[in-house]
Structures are given as C-alpha cells and as structure tokens.
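Student: Pasting a predicted model and its sequence here:
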Amino acid sequence: MKTGAVYIRVSTDMQVELSPDSQLKMIEQYAKANDIIISKKYTYVDEGISGRKAEKRPAFMEMIATAKTKPRPFDVILVWKFSRFARNREDSIVYKSMLKKECGIDVVSVSEPIGEDKTSILIEALLEAMDEYYSLNLAEEVRRGMTEKISRGGVVVAPPFGYSIENGVYVPNDNAPIVKMIFEKYLSGSGTRAIAAELNELGIKSTRGNTFGNRNIEYILNNITYIGKLRWNPNGKVTASHKYMATDDTIIVDGKHEPIIDNETFDAVQEKLAATKKKYPARYQQRHETYFFRGYVRCSACGATLVRAQASSSDSLQCHNYSRGQCSVSHSITIRKLKTAVLEAIGRDINNPNAINFDPVSNNDNIGTDAALLREKIKKEEAKLSRVREAYEDGIDTLEEYKANKTKITQTIAALNDKLNDIPTCSPCDRISFIDKLITVYGIVSQPDISPEEFNSNMLEIISRIEFNRKKNTISIFYKY
C-alpha cells in the first residue's frame, strides 16, 4: 500500500475549474481504486490563488517542506490535473524533479492518466505547455485590466498597515495613529529595530497578524501609499524608489484615499533612511561573509542564530532576531571572548569525558545499516497505520476498508520486527574514541593564526551547536557523535 498527499488549488478563474470538494471527491475515488491511503492531515488546499509562482502558494510550500522531512511522510502527491500542481513549466520541472530524486515522491494527475512508457514524458510535457500558455495569456489580460484600473486611482493590491478597503478605496483604520507614531519616532532618533521591539512589547501585530521586524518598519517608512499615492508595477518587479514620478517599470498616480503622513514628514524620513544606508553599507553586503562561529551559535532566549553585527568593523555577534526587533534579549558578545570561552570549554570536556553533552538531533544508535533501514521501514508502516485510522475517522474509508488495511499493515510490521530481532546490535558510541577526535580538532582550532573558514570547518566536525546565555554569561556545547 502507498500513502498519498492531496494537493488542491482553485484560482480566481473559477468557471473553468472544479470546486475544492469536487476535486477532493475525484482524488478520493482514484486513491481507493489504486490502494493509496490519504487523510486530512496531508491534504493541502490553496483557494483563490494563481498557480504561476510556487512561492506564493502557502499550502503548496507547506506540502513541499513536509515532503522533505524524514522519514518520508507520503509516497505520492495526487492532484486533479497537472495544472493544479503548477502552470509554470520551470516550477513544474524543478519541484517534480526534486520530489522524485530527493524524496522518492511522484506527482499523479487523477484525471490525466499518462502511463509509464516513454511516450508519457511527451504527453506530460504537452499538458504542461498547454497549461502554461493558458496561464500566460490569462496573466496578460489580468495585468492589462489592473494597469487600467490603477491609472484611474483604483486599488489593485491589499491595503498596507494602517488602512482597510471600503468600496474599493483605502480607508485609515485604528492602526493609522501607529503609522504616524512610527514616522515620528524614526525622525526623533529611534532606529527601525527599536521601533519594532516597542511595537512587539505593546502587542501590536502586522496586517497579517505577525510580530514586527526592522524590515517591516523600513517598508512602512518607504511606502508612498501613506502620502496619498499609489505605485504599481505591471511586471511585478519590486522597486525601492519612493520618488513621486513614474519610471519605466512603475506607474505612480494620485490615489483616492486619505493620506496618513504629510509630504514634508515623508521626505524627511527618506533623507534619513538614505543617510543611514550610506553610513552603514556593510549591512547590505554581509550575507555571504565568512566569520568565526557563523551558523552554529544560538540565542538561549529564542533559539535564533547569532550573526555578525552590522558595522563592517564589528568583531561581535548578536542574535539575528534581536537585530530585527523580534527578540527582546540582547546576546551581543565579541568573537574574541566567545572563542576563548569555547576553547576553554572544549579543554574541560577533554579532561572530563563523562560531562560531554551530545546533541540528540545529530545522534544515531549505531545499530548498523541493515537494522537502521529496517527501523526506518517500521516507522513508515506505523505512520501508514495512523493514516488509515485517520482516513476512517475522516469518513474517507469505510469500517471494512479500515479493518482490511489495518490487518495488512500490522502483518508487515510484524514481519519487519522479526527481521530486526535477528540482527545483533552494536555497542553505544565509545566516548574515549570521540575524545581522541576532540583532541585532534582542539589542536587545530586553537592555533592563533587559523582562518575563519578552517576554524569553522573543523569545529563543525565535532560540534552540532553552541548555546549562549547572555544573562548567565554561560555557553553550552552540544557535540556530534
């Protein structure tokens, strides 16, 4: 028996599509006919969403993320038509290839059987090409209509923080005073991180119900909607320009809505933002920078990674979420101080092997390849057992179908357990041999002239993560087996 996920998408062009319930009914019929177990837990639905770009479909992206987990949660993804999976050939190829090669998961259209011979490749490619042509043509018509609407001052995008939509026009709501406060605080000297942190402490949420980060504040400060303007890019490209004039890529017009911010305040904020960006250019260049401890030191308060501070000359690390205003506890520490503390801790662990903390996430129980494979199969069968119960509880399977499926899976689990019991297990990890490795790595990373690249690569041979507690001024090292 196979386990299956269900993906359903209904775009705004409802007249040519089946409803979500109709799509699900066809998929359930196919699953029963082909001995595939499905349940609500792995049913993903995107309603009123275009299929052009995968990253704009939350349920789709959740499904892909789940597919990558171990052990594999399902064997196949069932869709009504291939066009529900993707209307962009590039996305279709990328995600289908990834699912097949990395996860061993197939994508099956229940209404477009294509077989398994060589011609099925051509048929599937033809179907995808037709779907993409339809999508591109529809997108052009939609863009043309939206461009015409905004040229007349109409609303074509969701309202920003501080506005709601009434009768097709943005209207200031209860959050409008908060927008004014953000602009005032920034001009009075507060930084974007400090403003975000203050909003979070007050329990204020973004339009989507999330906490604020410094990027949210920067977006608000740059948004010309607040001075009564509307910006539209027919090509969907994001522009950082706040100027009142349109460019080759954008259309900027006077809106029909009431401004929240006056032009003088807005312009003053833009000048200050530009000056700040010029003063700290390194913050936009450090994404690929290499430094000591990059990627494996964690904040004890929120669990986020400690990253290098923004200033180019800085030799310190700080909690990534704190820098964005989403963590209330500073975890600033100089790299020199952290390096000294970590090397001292490793030295103590070498002399006291029993005090070593191994990271449960990185460990395995050394039972051998064959036994590990059998246990992985048993976990999958146990997951199937849970899925058939869910299918019965969800009303997908009858009681008779549930009993038959349960019996079949239980017998498979028993047979796998018999094989597992015949394999002798290996002894637990030998801490003494690990100490030998620890001593070797310590001798390398303690060299005074070691580069960040060499330091990190050696540390990651033995360390899973390091947790820094600023309040207690302590570090905890979790090693890999």
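Tutor: Yep, it's here.
Student: Tell me the spacing between R72 and L399.
Tutor: Separation of R72 from L399 (Cβ to Cβ, to the nearest Å) stands at 28 Å. Bear in mind the C-beta positions are built from the backbone N, C-alpha and C, glycine included.
Student: out of the two, which sits in the more crowded spot?
Tutor: Legend: neighbour count by other Cβ atoms under 10 Å for R72 and L399, higher for R72 (17 against 8).
Student: Assess the claim that the more buried one and E102 are in contact.
Tutor: No - counting by Cβ atoms under 8 Å, R72 stays clear of E102, with 10.1 Å between them.
Student: show me where the stretch 251-400 of the chain has strands.
Tutor: Using DSSP state E, counting those that start in this stretch, the strands found in the stretch 251-400 of the chain span residues 251-254, 297-299, 306-308, 316-319, 333-334.
Student: Point out the one among those that comes closest to K2.
Tutor: Closest of the strands of the stretch 251-400 of the chain to K2 is strand 297-299, at 38.4 Å (criterion: Cβ to Cβ).
Student: Could you pull up the mean pLDDT of the closest one?
Tutor: Across strand 297-299, pLDDT averages out at 93.
Student: Kindly report the same for stretch 230-244.
Tutor: Here stretch 230-244 scores 55 as its mean pLDDT.
Student: What of stretch 445-455?
Tutor: 90.
Student: That one: which residues count as buried?
Tutor: For stretch 445-455, the neighbour count (16 or more other Cβ atoms under 10 Å) marks V445, F455 as buried.
Student: likewise stretch 408-421?
Tutor: I409, T412, I413, L416, L420.
Student: Go through the residues you listed and say which is closest to T290.
Tutor: L420 (44.1 Å).
Student: Which residue, other than its chain neighbours, is closest to the closest one?
Tutor: Of all residues not flanking L420 in the chain, L374 sits nearest, at 4.6 Å (Cβ to Cβ, 6 or more residues apart in numbering).
Student: count of residues packed around that neighbour?
Tutor: Neighbours of L374 under the rule other Cβ under 10 Å: 20.
Student: K419 is in contact with that one, correct?
Tutor: Yes - judged on Cβ under 8 Å, L374 makes contact with K419 at a distance of 5.7 Å.
Student: Tell me the confidence at the residue nearest to L420?
Tutor: 79.
Student: ditto for T12
Tutor: Per-residue confidence (pLDDT) for T12: 58.
Student: now Y322
Tutor: The per-residue pLDDT reported for Y322 equals 87.
Student: what comes up buried for the longest strand along the chain?
Tutor: If you go by DSSP state E, the chain has its longest strand at strand 2-10. By 16+ other Cβ under 10 Å, the buried positions in strand 2-10 come out as T3, G4, A5, V6, Y7, I8, R9, V10.
Student: Please convert the residues you listed to a markdown table, extending it with distance to T225.
Tutor: Compiled in a markdown table, the buried residues of strand 2-10 are given as follows (distance: Cβ to Cβ, whole Å):
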| residue | distance to T225 |
| --- | --- |
| T3 | 47 |
| G4 | 44 |
| A5 | 39 |
| V6 | 39 |
| Y7 | 35 |
| I8 | 34 |
| R9 | 30 |
| V10 | 30 |
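Student: And those, which two are furthest apart?
Tutor: Based on Cβ to Cβ, the longest span within these runs between T3 and V10 and measures 24.4 Å.
Student: three-state assignment of S97?
Tutor: Using DSSP: H, G, I helix; E, B strand; the rest coil, the three-state assignment for S97 comes out as helix.
Student: count of residues packed around it?
Tutor: By other Cβ under 10 Å, the residues close to S97 number 10.
Student: check contacts around it.
Tutor: Not one residue lies near S97 by Cβ atoms under 8 Å, 6 or more residues apart in numbering.
Student: per-residue pLDDT, it?
Tutor: For S97, the model assigns a pLDDT of 76.
Student: so how far is C103 from it?
Tutor: Distance of S97 to C103, given as Cβ to Cβ: 11 Å.
Student: same thing with N200?
Tutor: Distance check for N200 against C103: by Cβ to Cβ, it reads 37 Å.
Student: and if you look at E401?
Tutor: Separation of E401 from C103 (Cβ to Cβ) stands at 27 Å.
Student: Neighbour count: the two, which is higher?
Tutor: Neighbours per residue (other Cβ under 10 Å) separate E401 from C103, with C103 holding more: 19 against 15.
Student: Not counting sequence-adjacent ones, nearest residue to that one?
Tutor: Per Cβ to Cβ, 6+ apart, closest to C103 is A67, 5.1 Å.
Student: Is it possible to get a markdown table of the strands of the stretch 251-400 of the chain that adds mean neighbour count?
Tutor: Shown next, in a markdown table, are those (neighbours: other Cβ atoms under 10 Å):
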| stretch | mean neighbour count |
| --- | --- |
| strand 251-254 | 15 |
| strand 297-299 | 22 |
| strand 306-308 | 23 |
| strand 316-319 | 22 |
| strand 333-334 | 16 |
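Student: looking at these, which has the lowest confidence?
Tutor: Ranked by mean pLDDT, these bottom out at strand 251-254, which scores a mean of 82.
Student: helices and strands around it, which ones?
Tutor: Counting contacts by 3 or more Cβ pairs under 8 Å, 6 or more residues apart in numbering; DSSP states H and E, strand 251-254 is packed against helix 119-151, strand 229-232.
Student: Between these, which has the poorest mean confidence score?
Tutor: The weakest mean pLDDT among the helices and strands packed on strand 251-254 belongs to helix 119-151, with a mean of 58.
Student: average pLDDT across the helix or strand just after it?
Tutor: Toward the C-terminus, helix 119-151 is succeeded by strand 163-166 as the next helix or strand (DSSP states H and E). The pLDDT scores in strand 163-166 average 90.
Student: Partner strands of strand 163-166 and their direction?
Tutor: Strand 163-166 has the following strand partners under DSSP bridges: strand 169-172 (antiparallel).
Student: Flag every buried residue along the very next helix or strand once past the strand it pairs with.
Tutor: Using DSSP H and E, the helix or strand that follows strand 169-172 towards the C-terminus is helix 176-187. Across helix 176-187, burial judged by 16+ other Cβ under 10 Å covers A176, I178, V179, K180, M181, I182, F183, K185, Y186.
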